[in-house]
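S.K.: Sharing a sequence plus its predicted fold:
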Amino acid sequence: MKKFRYVIITLCLVALVAISGLVGGFIGLRMARHQQEKKDDPETWNESSRRKFERTVKPTPEQWVKLEGYLNQAVEDLKAIRADTISRSTNVVWRLVGQVEKELTPEQLEAFAKMKPNQQDLSTLDLLRVEKK
């Protein structure tokens, strides 16, 4: 009877550890995704650059007027570069898809259709917080 009790306690502890690991992994994944989304946001670039610059260089209020304009323009330029890069990358992916599809048999095309990206997935720049121009 005592062995049975120890087995039950051991199984409960193992289950507790497994559940704790799964919950911790899920929470960690959500936190990492949230941090990555913040990192991908151009407005966050602007804010973090501003804070770091202010903390390190300590510009005067008069300097801030000019510097803030430069910083805002740089962020806008980076947004444009990013949008262009995404657009060009999307074109490369669709060119590759077209080339691959020409070489496949009808059966292979069916299988490939399941794995190739959707047109709308690659064309939505709002996912990456970039406005089309």
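M.R.: Cool, got the structure.

S.K.: any idea how far stretch 106-115 is from the chain center?
M.R.: Computed by C-alpha atoms, centre = their mean, to the nearest Å, the chain-centroid distance of stretch 106-115 equals 28 Å.

S.K.: which helices and strands sit right next to the strand or helix carrying residue 44?
M.R.: Assigned by DSSP states H and E, residue 44 belongs to helix 42-57. Applying 3 or more C-beta pairs under 8 Å, 6 or more residues apart in numbering; DSSP states H and E, one finds that helix 42-57 contacts helix 61-103. Every C-beta, even on glycine, is put in place using the N, C-alpha and C of the backbone.

S.K.: how many neighbours does residue 104 have?
M.R.: Residues near residue 104, counting by other C-beta atoms under 10 Å, number 13.

S.K.: excluding its backbone neighbours, what's nearest it?
M.R.: Ranked by C-beta to C-beta, 6 or more residues apart in numbering and with sequence neighbours excluded, the top spatial neighbour of residue 104 is residue 112, at 5.8 Å.
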